[in-house]
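Visitor: Got a predicted structure here, sequence first:
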Amino acid sequence: MMLNIAVTPNPNPAPKPEGDPGFGRVYTDHMFRMDYTEGIGWHDARIVPYGPIELEPSAMVLHYAQENFEGLKAYRTPDGGIQLFRPEENAARMAASCQRMCMPIIKPALWIEAVRRLVDIDRDWVPHQPGMSLYIRPFIIATEPHLGVRAARQYSFMIILSPVGNYYPTGMNPVKIYVETHYVRAVRGGTGTAKCGGNYAAGLKAQAEAQQAGYQQVLWLDGIEQKYIEEVGAMNVFFKIDGNIITPELQGSILPGITRKSCIEILSDWGYTVEERRLSLEEVAEAADEGRLEEAFGTGTAAVISPIGELRAAERQIFIGERIGPLSQRLYDELTGIQWGLRPDTRGWTQRV
Ligand SMILES: *Cc1c(COP(=O)(O)O)cnc(C)c1O
């Protein structure tokens, strides 16, 4: 099914950034928008100049946080083309987030079509420099003007684009992580599996305190016993112990990352055993004490692979390494190789725009 999209070209296209644009600071000339009205469904798909949006102060998203978002990238390939990485996974995850938040879903084929059309219109914004890409941020907000808690009857789906720099301009240096034992991010039955802004607002306090103490990220433990490892900041987390790979299972409070899923598939293809199971901080600490903890890394669209050098828990410090581990590096090279079209995509993960 083709989406009928009205296009209003930007009369004042902005100059493309010279050099490194950083992350999430610069936006392209256009954005996608489509509205939802109960009884009508999704309507008025359009691409318009990027700019401020009008909302009533009583818009329900501003009071009850009914919204969710996605994050993916468009990559410039060596032949000058552009490709997306597993966009159908993002479309499906947004549909799942919408269901959790009582919001109307968008059919994945239409969702992907909207992303493709917008990227195509702003295709000159996809950077050519190595390591840089175009970050794609689709999101849905409840726009109905209404005070009173219930699911809204009006929504807007929007997509904005932002050229982003190399996540590792000075090389992949392992990060220091603070193990959070006071605050929690999510509990089973909550919204941890949905990519919704409320989860991030709830995590800001821990993030700020960790940064003040000199740590770059927070490692979240389970919200009930605070014993089992869940995620690192906005990344899923993997450990290599005794040659095996372990990542926390998706038990209902962890965000199902697409980079996580891709790493599991690649590692299995390489012959590794990947255990998706409950993993306590104690088990990791013991493995470290006995010299069996080989590597640890976070996974997510922004950084791809983020090596962990040190975990600081209340009573103990776990040192992992001052340099990226060989498996973390190999995974990074394979994933980024596929994403930028430098390595063959044997799994059908990429699609050209
Ligand atoms: C987006 C996100 C991730 C990573 O997901 P990817 O699909 O790999 O980018 C992990 N944890 C949280 C909390 C997230 O919001």
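Guide: Done, it's in.
Visitor: Work out the gap between stretch 135-142 and the centre of the chain.
Guide: 12 Å (Cα atoms, centre = their mean, to the nearest Å).
Visitor: go on, stretch 140-158?
Guide: With Cα atoms, centre = their mean, you get 24 Å for stretch 140-158.
Visitor: Please name the nearest non-neighbouring residue to A186.
Guide: G192 (2.7 Å; Cβ to Cβ, 6 or more residues apart in numbering). Bear in mind the C-beta positions are built from the backbone N, C-alpha and C, glycine included.
Visitor: Kindly report the domain assignment for the chain.
Guide: Domain ranges of the chain: 6-165, 175-339, per automatic domain parsing.
Visitor: Mind jotting down where the helices sit in the stretch 101-250 of the chain?
Guide: 108-121, 197-212 (DSSP state H, counting those that start in this stretch).
Visitor: Reformat these as a markdown table; add distance to the ligand, mean pLDDT and mean neighbour count.
Guide: Putting the helices of the stretch 101-250 of the chain into a markdown table (distance: least, Cβ to the nearest ligand atom, whole Å; pLDDT from 0 to 100; neighbours: other Cβ atoms under 10 Å) gives the following:
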| stretch | distance to the ligand | mean pLDDT | mean neighbour count |
| --- | --- | --- | --- |
| helix 108-121 | 15 | 98 | 20 |
| helix 197-212 | 6 | 95 | 15 |
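Visitor: Roughly how far does the residue nearest to A186 sit from the ligand?
Guide: 8 Å (Cβ to the nearest ligand atom, to the nearest Å).
Visitor: what does S280 give?
Guide: For S280, the distance to the ligand - Cβ to the nearest ligand atom - is 20 Å.
Visitor: For that residue, give me its contacts.
Guide: 227-229 (Cβ atoms under 8 Å, 6 or more residues apart in numbering).
Visitor: rerun at 6 Å
Guide: Taking Cβ atoms under 6 Å, 6 or more residues apart in numbering, we find S280 in contact with 227-228.
Visitor: Tell me the backbone dihedrals of it, please.
Guide: phi -90, psi 160 (degrees, to the nearest 10).
Visitor: Beta-bridge partners for it, please?
Guide: Y228 (DSSP bridges).
Visitor: Output the below-cut-off pLDDT ranges for the stretch 51-200 of the chain.
Guide: Along the stretch 51-200 of the chain, the model assigns pLDDT under 70 to no residue.
Visitor: So which of the domains of the chain is nearest Q351?
Guide: Ranking the domains of the chain by proximity to Q351 (Cβ to Cβ) places domain 6-165 first, at 5.3 Å.
Visitor: tell me which parts of the stretch 151-300 of the chain are close to the ligand?
Guide: 195, 231, 234-236, 255, 257-260, 299-300 (Cβ under 6 Å from any ligand atom).
Visitor: Recalculate using a threshold of 5 Å.
Guide: By the rule Cβ under 5 Å from any ligand atom, the part of the stretch 151-300 of the chain lying against the ligand is 234, 255, 257-259, 300.
Visitor: Lowest-confidence one in those?
Guide: pLDDT across those is at its lowest for A234, which sits at 91.
Visitor: about what we covered before: in helices, which of the residues of the stretch 151-300 of the chain next to the ligand fall?
Guide: Using DSSP state H, 258-259 are the members of these that sit in helices.
Visitor: any chance of the residues of the stretch 151-300 of the chain next to the ligand in JSON lines, with neighbour count too?
Guide: Shown next, in JSON lines, are these (neighbours: other Cβ atoms under 10 Å):
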{"residue": "A234", "neighbour count": "19"}
{"residue": "L255", "neighbour count": "24"}
{"residue": "G257", "neighbour count": "24"}
{"residue": "I258", "neighbour count": "24"}
{"residue": "T259", "neighbour count": "22"}
{"residue": "G300", "neighbour count": "22"}
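Visitor: and the residues of the stretch 151-300 of the chain next to the ligand, which two are the farthest apart?
Guide: Pairwise over those, using Cβ to Cβ, the maximum falls at A234 and I258, 12.6 Å.
Visitor: which parts of stretch 281-290 are buried?
Guide: 281, 283-285, 287-288 (16 or more other Cβ atoms under 10 Å).
Visitor: Just grab the bridge partners of Y155 for me.
Guide: Beta-bridge partners, per DSSP bridges, of Y155: Y36, A142.
Visitor: Go ahead and confirm it touches T37.
Guide: No: taking contacts as Cβ atoms under 6 Å, Y155 lies outside contact range of T37: 8.5 Å.
Visitor: Mutual contacts of those two, please.
Guide: Contacts common to Y155 and T37, judged by Cβ under 6 Å, 6+ apart, are absent.
Visitor: Look at these two and report which has more neighbours.
Guide: Y155 (25 against 15; other Cβ atoms under 10 Å).
Visitor: Contacts only, for that one.
Guide: 36, 140, 142-143.
Visitor: and what of W349?
Guide: Contacts of W349 by Cβ under 6 Å, 6+ apart are 85-86.
Visitor: and what of A142?
Guide: Here A142 is in contact with 60-61, 66, 152, 155 (Cβ under 6 Å, 6+ apart).
Visitor: from these, which is closest to V115?
Guide: Checking the contacts of A142 one by one against V115 (Cβ to Cβ), the nearest turns out to be Y155, at 17.6 Å.
Visitor: Report the secondary structure element holding R46.
Guide: strand 41-49 (DSSP states H and E).
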